[in-house]
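K.L.:
I would like the atomic coordinates for the input below:
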Amino acid sequence: MRINEFLHMNKGDGELSYVQNSFDQNGVWLMNQHLIESTIQYLISKDKGLIKGLNVADLGCGVGHVPLALVSLITEIMQRKFKELRLDSEPSCFLMGVPGSYYDVLFPRNSLHFVHSNFTLHWLSKTPWLLDNQGMSINKGNIHIVETSPKPVVEAYWAQFEPDFSQFLKCRSKEVVTNGFMLLTLTGSPCSTDSLIWTPCVTKILNEALICLISEGLIKEEKLDSFEFPMYLASTKQLEIIVQKEGSFAVEHSETTELDVAPEIEDKLQRPKILTKVFRAYSESILPHHFGEEIITVIYDKFTHYAFQHLVQDKTFEHYAVTVVLEQNCKGVAVFLDFEA
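P.N.:
Alright, predicted model coming up:
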């Protein structure tokens, strides 16, 4: 089954909603604003006609503060440009929602000047196939890649992510104009380690929680063995390899940002609760689909317990965001933007 048939972020604005628990997404968005502004300014400087119409797409869940913050930022940039050019009128802003998967074509050909995606593309279109010829799991006891994963597990995740990301690039190459840009931010992995087997803390903690519930007789072992968390945490190097291989875009800029969850809070009882809310906000549509609605509260309570154990051992909630700025290829002509300002 394709993940987009059931995956969604927690709705509304309540205590467990994505809106209230998307700290990383908001933080990285703020850090990336200078990249967006530099890119938009460059586009306008190369084509003054874009003052009359700049088409921007934000591809993601559409929930949280970032989509409207992007609209506000680009509107501000255009307003400043209007004043700089001493135009009498004010820029108008028109919004529309486009339902569908970003692994399909969503917009008319050559219609977009800038595409933005924030914490979306690490989700796989479907879970990797991890069964042997006898129908047994080759990742037994684990829900994701771990340091001890056999090579076929690592290869299966990569074999799902690479064509997914390539398909995304192919679709966007039809929609983005020549010399148009994309800024993509994903949950990822550091380049300084073996990113193929790097394991995020949340899947480690969830794995421990599920194994504990098996020992308590609340979940069957087969349920764990048949579950894989449907995301891949690529490094910037891996993204660059896929972009170069696919060929529609060129990498203009890439960076990796180390993140933590509520590091300012010293209370080791409070921080695990915050991590659980953050994790629950984006995973609660996934776990009930496999384990059932009746066990979900118990799973997240156990997750909080093991998150506390994680902190007691002086471990952090370390994770990473990777960002790439891509330019639609234009017959090998290189463009160099100043992203350090």
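
K.L.:
all contacts plus neighbour counts: C-alpha atoms, from now on.
P.N.:
Fine.

K.L.:
Would you check how far apart the most far-flung residue of the chain relative to its centre and Ile74 are?
P.N.:
Most distant from the centre of the chain: Asp88, at 39.9 Å, with distances by CA atoms, centre = their mean. According to CA to CA, to the nearest Å, Asp88 stands 19 Å off from Ile74.

K.L.:
need the contact list for the residue nearest the centre of the chain.
P.N.:
In the chain, the C-alpha nearest the mean C-alpha coordinate belongs to Phe119, at 2.4 Å (CA atoms, centre = their mean). Applying CA atoms under 8 Å, 6 or more residues apart in numbering, one finds that Phe119 lies in contact with 25, 60, 185-187.

K.L.:
let's go with 10 Å and repeat that
P.N.:
22, 24-25, 28-29, 59-61, 184-188, 321-323 (CA atoms under 10 Å, 6 or more residues apart in numbering).

K.L.:
Where helices are concerned, which of these count?
P.N.:
Residues of these located in helices (DSSP state H): 24-25, 28-29.

K.L.:
Tell me the one among the residues you listed nearest to Gln160.
P.N.:
Minimum distance to Gln160 across the ones in helices among the contacts of Phe119 is 24.1 Å, recorded for Gln25 (CA to CA).

K.L.:
Isn't that closest one up against Ala69?
P.N.:
No - taking CA atoms under 10 Å as the definition, Gln25 is not a contact partner of Ala69, at 11.6 Å.

K.L.:
Which one's more surrounded, the two?
P.N.:
Set side by side, Gln25 and Ala69 show more neighbours around Gln25, with 18 against 15, by other CA atoms under 10 Å.

K.L.:
how close does the more buried one get to Lys83?
P.N.:
31 Å.

K.L.:
so where's the stretch 51-200 of the chain shaky on pLDDT?
P.N.:
Counting by pLDDT under 70, the stretch 51-200 of the chain shows low-confidence ranges at 62, 193-197.

K.L.:
what do you get if the cut-off is 50, keeping everything else the same?
P.N.:
Within the stretch 51-200 of the chain, no stretch has pLDDT under 50.

K.L.:
all helices of the stretch 201-341 of the chain, in order?
P.N.:
Under the criterion DSSP state H, counting those that start in this stretch, the stretch 201-341 of the chain carries helices at the ranges 201-215, 221-225, 236-246, 270-283, 287-291, 296-312.

K.L.:
Export the ones you listed to JSON lines and append columns for distance to Ser173, mean neighbour count and mean pLDDT.
P.N.:
Shown next, in JSON lines, are these (distance: least, CA to CA, whole Å; neighbours: other CA atoms under 10 Å; pLDDT from 0 to 100):
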{"stretch": "helix 201-215", "distance to Ser173": "33", "mean neighbour count": "19", "mean pLDDT": "96"}
{"stretch": "helix 221-225", "distance to Ser173": "38", "mean neighbour count": "16", "mean pLDDT": "95"}
{"stretch": "helix 236-246", "distance to Ser173": "10", "mean neighbour count": "17", "mean pLDDT": "96"}
{"stretch": "helix 270-283", "distance to Ser173": "28", "mean neighbour count": "20", "mean pLDDT": "95"}
{"stretch": "helix 287-291", "distance to Ser173": "33", "mean neighbour count": "14", "mean pLDDT": "93"}
{"stretch": "helix 296-312", "distance to Ser173": "40", "mean neighbour count": "19", "mean pLDDT": "95"}
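
K.L.:
I'd like those helices as CSV, with distance to Thr39 appended.
P.N.:
Putting the helices of the stretch 201-341 of the chain into CSV (distance: least, CA to CA, whole Å) gives the following:
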stretch, distance to Thr39
helix 201-215, 33
helix 221-225, 45
helix 236-246, 19
helix 270-283, 29
helix 287-291, 38
helix 296-312, 39
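
K.L.:
Can you tell me which of those helices is nearest to Tyr18?
P.N.:
Among the helices of the stretch 201-341 of the chain, the nearest to Tyr18 by CA to CA is helix 270-283 (4.8 Å).

K.L.:
From the contact counts, what lies against the longest strand along the chain?
P.N.:
When the chain is scanned for its longest strand (criterion: DSSP state E), the result is strand 176-188. The elements that strand 176-188 packs onto, with contact taken as 3 or more CA pairs under 10 Å, 6 or more residues apart in numbering; DSSP states H and E, are helix 23-46, strand 56-58, strand 112-118, helix 151-175, helix 236-246, strand 249-259, strand 319-328.
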